[in-house]
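Novice: Fold the following for me, if possible:
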Amino acid sequence: MKRVTLGGSDVEVSEICLGTMTFGCQTDEAGAHAQMDRALEVGMTFFDTAEMYPVNPVRRETIGVTEQIVGRWLARTGQRDRIEIATKITGPSQMVRDGAPYDGATVSACIDASLKRLQTDRIDLFQLHWPVRGTWAFRQNWAYAPTACKAEVLDHMADVLAAVEQAVQAGKLRAFGLSNETAWGLARWCDMADRTGAPRVAAIQNEYSLLHRIYDTDLAETAIQEDVTLLAFSPLAAGLLTGKYRSGAIPEASRAQVDKAHGGLGNLGGRRTARGIAATDAYHRLAVDHGWDPLHLAIAWQLTRPFKTIPIIGATDMEQLQHLIEGFGTTVPRDLAKAIDRLHKEHPLPY
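Specialist: Residues are numbered from 1 along each chain as shown. Sure, this is the predicted structure:
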């Protein structure tokens, strides 16, 4: 698999990343280890996790379980030097630290806790899962009300970056990243790093898919100018782009079914809407008309974008992962990419 570098850092990773958020919930430990074995076999060496994983649902008692599963795999296989690990500190959440926002001291403690769970001496990319000031991610864009305490925000950034710099100097971190961030936030983190001499942002992990292209405008320009790589989560729109939710279907053991079983709405975090399903149908027809598997097209299209992008793929079982792997190495022709852009204009922001 092709290798790429995260932003302006020296961290080289595979061009597609394995997401682990189901490990310990929908995916048991044996299945998770099998997925990581298979990923390594095909050259997918970049694994993304987080302290709050697994999700669907997030529970206090399972915080850190996914990192522990990854850590036991690293210990069992002895493959740490062939793998790049990304993890994240949770933003303000009642499930972690009783909703308290993170600061520099919290970041330092979280890094040490993640290192222990991962059974490693270093994290290749450490990310802030979402900002303490709020975010329009997770469908909050419809009613997001930004705060205006600029001085407080900048002080917070300086404090966090000082902790990140200390961890880098100690050899605990190799690169720093953001997640669920805005264009303004990304620019200010980069400015503060330049001002203080702290590590610059190497990557930003935001949602990005055929159905969710908010990143295409201000964030894309900011990332290009600041040399920041997009780690695109939910490239299959939490499974919506698989087509399995057509006609109101909720398949057994699917993400929507598991969510409903735990008291959720089963709407894939607001993605499973009538317009979202209609857009999915349109992309499926386009893929079939061009002789493509719709899932392979959704992932391969990400690599056509005019900015640095690494799609994060996730699977609950080996069959799903193998299906995605079979599409690796395919290239979307220019005429099909243009057809996708035309279709996007017909189905903008469908959820």
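
Novice: Give me the nearest residue to His344, chain neighbours excluded.
Specialist: Computed as Cβ to Cβ, 6 or more residues apart in numbering, the closest residue to His344 that is not its neighbour in sequence is Arg213, at 6.4 Å. Heads up, the C-betas are built off the backbone N, CA and C, glycines and all.

Novice: isn't Ala300 right next to Leu324, touching?
Specialist: No. Shown here, Ala300 and Leu324 do not form a contact pair, counting by Cβ atoms under 8 Å, at 10.6 Å.

Novice: where do the contact lists of the two overlap?
Specialist: Common neighbours of Ala300 and Leu324, using Cβ atoms under 8 Å, 6 or more residues apart in numbering, do not exist here.

Novice: Count the residues that sit near Asn141.
Specialist: Asn141: 11 surrounding residues under other Cβ atoms under 10 Å.

Novice: quick one: it and Tyr215 touch, right?
Specialist: No. Contact criterion Cβ under 8 Å: Asn141 and Tyr215 do not qualify, at 11.8 Å.

Novice: residue ranges of the helices in the protein, please?
Specialist: With helices called from DSSP state H, the chain shows them at 29-41, 65-77, 104-118, 150-169, 183-196, 218-226, 255-261, 274-289, 294-302, 318-325, 334-346.

Novice: Just tell me which of these ends up closest to Asp48.
Specialist: Closest approach to Asp48 among the helices of the chain (Cβ to Cβ): helix 65-77, 9.9 Å.

Novice: where in the stretch 201-350 of the chain is pLDDT low?
Specialist: By pLDDT under 70, the weakly predicted segments of the stretch 201-350 of the chain are 247.

Novice: If we use 50, what do you get?
Specialist: Low-confidence segments of the stretch 201-350 of the chain (pLDDT under 50): none present.

Novice: re earlier: so which of the helices of the chain is the most packed in?
Specialist: helix 294-302 (a mean of 22; mean count of other Cβ atoms under 10 Å).

Novice: what's the first-to-last distance across stretch 56-73?
Specialist: Stretch 56-73 has an end-to-end distance of 22 Å (Cα to Cα, to the nearest Å).

Novice: which residues are contacting that stretch?
Specialist: 20-26, 29, 32-33, 36, 47, 49-54, 85, 87, 90, 93, 95-96, 113-114, 117-120, 255, 258-259, 262-264.

Novice: Distance from the chain centre to that stretch, please.
Specialist: 16 Å (Cα atoms, centre = their mean, to the nearest Å).

Novice: Stretch 313-333 now?
Specialist: The answer for stretch 313-333 is 16 Å, by Cα atoms, centre = their mean.

Novice: what's in contact with it?
Specialist: Contacts for stretch 313-333 (Cβ under 8 Å, 6+ apart): 1, 16-22, 26-27, 31, 34-35, 38-39, 42, 44, 235-236, 253, 255, 292-293, 295-297, 299-301, 303-304, 340.

Novice: Likewise for stretch 153-165?
Specialist: 101-105, 107-108, 111, 126, 128, 132-133, 147, 173, 176, 188-189, 192-193, 196-199.

Novice: gap between that stretch and the chain center?
Specialist: 22 Å.

Novice: Could I get the contacting residues of the nearest residue to Pro348 once chain neighbours are set aside?
Specialist: The shortest distance from Pro348 to any non-neighbouring residue, by Cβ to Cβ, 6+ apart, is to Arg213 (7.9 Å). Residues counted as contacts of Arg213 (Cβ under 8 Å, 6+ apart) are His344, Pro348, Leu349.
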